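Visitor: Below: sequence and its predicted model.
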2 protein chains.
Amino acid sequence: MRLSPAISELIRALRTLPGVGPKSAQRMAFQILERQREGGLQLSQALADAIARVGHCDVCRTLTEQAVCELCQDEARRGSGLLCIVETPADVLAIEQTGQYQGCYFVLMGHLSPLDGIGPEDIGLDKLAERISTEAISEIILATNPTIEGEATAHYIAELARQHDIATSRIAHGVPVGGELEYVDQATLGHAFSGRKRVQFD
Amino acid sequence: MRLSPAISELIRALRTLPGVGPKSAQRMAFQILERQREGGLQLSQALADAIARVGHCDVCRTLTEQAVCELCQDEARRGSGLLCIVETPADVLAIEQTGQYQGCYFVLMGHLSPLDGIGPEDIGLDKLAERISTEAISEIILATNPTIEGEATAHYIAELARQHDIATSRIAHGVPVGGELEYVDQATLGHAFSGRKRVQFD
Ligand SMILES: [Zn+2]
Ligand SMILES: [Zn+2]
């Protein structure tokens, strides 16, 4: 049986959402068309608006519709001297929700991955080097994911910080190895922050 | 931490989708904005298109962007004399996927629910009565959900069919009691069709 083209296209488009398989996409499409048309139109508009207006913060690279995001505009944070490096905007949100950190962020929007052709400039490390040279940063906290790529990226940034004589720490135990930061519960992530340890060079 | 308004609104709008909680909505929003902007725009357009163009079939009431849906236009099905009554368009799809049924459908778009003020005309039973009076129907197959409301609706339609002297059957074992038709696997649903039993009046 063929569904009408507009319904088929809606199901196909819904499947591009993460975690949405054929059966859920079908269920979503029917629910919208049967009884959530207003919600569906709002979603259509919200997608178009966000895609048109949201870009990257000039300072920390996170997603925002302002030139400089709210966190980067915060005087107290800028005066803290702390700079936390994360892979994604979702990681910033996860860390903010622990309430344990009051410093600034730098969002790589990915991690180093030479095999995929993703080098230092692709994750903004030129911009990070510039910040390290010009801002009064007392400590860099490496909060990349505890994966092979995340560790390699953290190591690269630790070397960069050492060249500028800036103390560097890596968030600690509590974050399960091989996992992704955004899925860690608040307590564990808070613990990882308070138990961070200084990167040692030998 | 407040996300920028356009991102917050996108997360809120995504949560209107069935089965999408706050965490998945956030994950979807970030994924779209970080690396699926084209897919996001296609979804925005597909939602607007489908909502503008999809209505109900004049004959069977299912969702379609044509005046009369493809199944209702099918000569062989119209000549079969079989009319299967289901609650939703998803049920039509589920039955079609069994490949065991080649007749016509009537889609209630719900079920009788006096407590919610949903009476016979709200689920199109006036239109169904008209079809029963004017078309050459040899058997009505009641495939409403095996829930209290679905059974009550089936019973109501069986009475309607009896008044017009039309044989009526109810799909049989295999469909778990209290479950919903659209989640039943194809084999079970096909079995329920071949094992349907005639409604007896005493
Ligand atoms: Zn920023
Ligand atoms: Zn139809």
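Guide: Received it, and whenever you're ready, just let me know what you need. Ligands and ions are numbered 1, 2, ... in the order given.

Visitor: For the rest of this, base every contact and every neighbour count on C-alpha atoms.
Guide: Fine.

Visitor: For the residue nearest in space to the middle of chain A, which non-adjacent residue is closest in space?
Guide: For chain A, the residue lying nearest the average C-alpha position, counting by C-alpha atoms, centre = their mean, turns out to be residue A:88 (1.3 Å). The spatially closest residue to residue A:88, leaving aside those adjacent along the chain, is residue A:109, at 4.9 Å (C-alpha to C-alpha, 6 or more residues apart in numbering or on different chains).

Visitor: circling back: thinking the residue nearest to the centre of chain A is in contact with residue A:111, fair?
Guide: No. The pair residue A:88 and residue A:111 does not pass the contact test of C-alpha atoms under 8 Å, sitting 9.2 Å apart.

Visitor: Which residues of chain A lie near ligand 1?
Guide: Residues of chain A lying close to ligand 1 (C-alpha under 5 Å from the ion) are A:57, A:59-60, A:69, A:72.

Visitor: Out of these, grab the one that's most surrounded.
Guide: Looking at the residues of chain A next to ligand 1 with neighbours defined as other C-alpha atoms under 10 Å in any protein chain shown, the largest count falls to residue A:60 at 24 neighbours.

Visitor: In terms of helices and strands, where is it?
Guide: Under the criterion of DSSP states H and E, residue A:60 resides outside all helices and strands.

Visitor: Quick check: the gap between it and residue B:114.
Guide: As judged by C-alpha to C-alpha, to the nearest Å, residue A:60 and residue B:114 stand 57 Å apart.

Visitor: got it, and residue A:79?
Guide: Distance check for residue A:79 against residue B:114: by C-alpha to C-alpha, it reads 64 Å.

Visitor: more crowded one of those two?
Guide: For residue A:79 versus residue B:114, neighbours defined as other C-alpha under 10 Å are more numerous around residue A:79 (14 against 10).

Visitor: what pLDDT, on average, does the helix or strand where the more buried one lies get?
Guide: Under DSSP H and E, the secondary-structure element containing residue A:79 is helix A:75-80. Over the span of helix A:75-80, the pLDDT mean works out to 94.

Visitor: For that helix, list the C-alpha coordinates in PDB.
Guide: Written as PDB, here are the backbone C-alpha positions of helix A:75-80 (Å, rounded to 0.1, in the frame of the first residue of the first chain):
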ATOM      1  CA  GLU A  75      31.300  39.500  33.900                       C
ATOM      2  CA  ALA A  76      31.800  37.100  36.800                       C
ATOM      3  CA  ARG A  77      32.600  34.200  34.600                       C
ATOM      4  CA  ARG A  78      35.000  36.200  32.500                       C
ATOM      5  CA  GLY A  79      36.800  37.300  35.700                       C
ATOM      6  CA  SER A  80      37.100  33.700  37.000                       C
END
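
Visitor: near chain B at all, it?
Guide: No. Under the criterion of C-alpha under 8 Å from any C-alpha of the partner chain, helix A:75-80 makes no contact with chain B; the nearest approach is 12.6 Å.

Visitor: And that helix, what's buried?
Guide: Within helix A:75-80, the residues that qualify as buried are A:77-78, counting by 16 or more other C-alpha atoms under 10 Å in any protein chain shown.

Visitor: If you count contacts, what does it end up packed against?
Guide: strand A:104-107 (3 or more C-alpha pairs under 8 Å, 6 or more residues apart in numbering or on different chains; DSSP states H and E).
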